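*Asks:* Have a look; sequence and predicted model below, questions after that.
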Amino acid sequence: MFLALGVIAALGYLLGSVNFAVLVAKRHGVDIHKEGSGNPGATNVKRVLGKGPGNLVFALDALKGLVGTGLPHLLLLLNFDLGLPKDDAQALFFVSVAGFIGTLLGHCFSCLLRFKGGKGVASTIGGLLVLLPVPIIIGAAIWGLVFARARYVSLASIALGVSLPLSCWLLPLMTSLKFGPAEFWFAAAIAAFNVWTHRSNVGRLLAGTENRFSKKA
């Protein structure tokens, strides 16, 4: 199992290191590192190039997270032996988490961009559709509500992250859904990582200098 964890994490990292913001912006003749906030992510592409390119980057980054996290499932469907105990859902969850973490680290600290990258929100959403589908759907709804109200992408993204462990804690109390300690603490770690990657945005939000999307945009 340890070999599977390492291999899946490494494959996820390589996949995550492919930065679609840089590639899409380059096709439009733009160096995204030198425009807008300078961040190679979907939000900055949308701010600089408009909705179409920005939404394309977001979709590709989400797909990247979904594929990187779903690698163990795909390999098992193709009859690759990952060395996992048969029908052990918990072991498969942990290996999928390894793929998710590898992909997210690759996106945020790309070996192709001198270990720099985006914030990882879209890739997180894609990966969590595999690992925590109901909490991330709730989180996406919260993202939409916060963004519609405040027009800050960063604030909406932080709200999404914080909602994940809350959903894992509250949903079993309100529904028949069950989440174990592994899922809860994994969601809490994702929330903490999300806040950490947005630490500069938090500073700008507190100072009142964070970029806000206008209604027209």
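*Replies:* Nice, I can see it.

*Asks:* so what's Lys116 up against?
*Replies:* Each residue near Lys116 by Cβ atoms under 8 Å, 6 or more residues apart in numbering is listed here: Pro40, Phe109, Ser110. Yep, even glycine has a C-beta here, placed from its N, CA and C like the rest.

*Asks:* For Ser110, give its distance to Arg47.
*Replies:* Ser110 is 20 Å from Arg47, where distance means Cβ to Cβ, to the nearest Å.

*Asks:* looking at the protein, which residue lies furthest from center?
*Replies:* Lys86 (29.0 Å; Cα atoms, centre = their mean).

*Asks:* Please, where are all the strands along this structure?
*Replies:* Assigned by DSSP state E, the strands in the chain number zero.

*Asks:* Can you check which helix is longest in it?
*Replies:* Longest helix of the chain, by residue count under DSSP state H: helix 51-77.

*Asks:* what pLDDT does the residue nearest in space to the middle of the chain get?
*Replies:* Closest residue to the average C-alpha location of the chain: Thr124 at 1.6 Å, with Cα atoms, centre = their mean. pLDDT recorded at Thr124 is 88.

*Asks:* So for the longest helix of the chain, what gets flagged as buried?
*Replies:* Buried residues in helix 51-77, counted by 16 or more other Cβ atoms under 10 Å: 53-54, 56-58, 60-62, 64-72, 75.

*Asks:* Tell me where the chain is predicted with low confidence.
*Replies:* Applying pLDDT under 70 to the chain flags the ranges 1, 214-217.

*Asks:* mind listing the helices for the protein?
*Replies:* 2-16, 20-27, 42-49, 51-77, 89-108, 121-131, 133-150, 153-174, 181-197, 199-207.

*Asks:* For the second one, buried residues please.
*Replies:* With burial defined by 16+ other Cβ under 10 Å, the residues of helix 20-27 counted as buried are Phe20, Ala21, Val22, Val24, Ala25.

*Asks:* how close does the closest residue to Pro40 other than its chain neighbours get to Leu105?
*Replies:* Nearest in space to Pro40, with sequence neighbours left out and distances taken as Cβ to Cβ, 6 or more residues apart in numbering, is Ala21 at 4.3 Å. The gap separating Ala21 from Leu105 is 17 Å, by Cβ to Cβ.

*Asks:* again with Leu113
*Replies:* From Leu113 over to Leu105 the distance is 13 Å, taken as Cβ to Cβ.

*Asks:* With neighbour numbers in mind, choose between those two.
*Replies:* With neighbours defined as other Cβ atoms under 10 Å, Leu113 and Leu105 compare such that Leu105 has more, 20 against 16.
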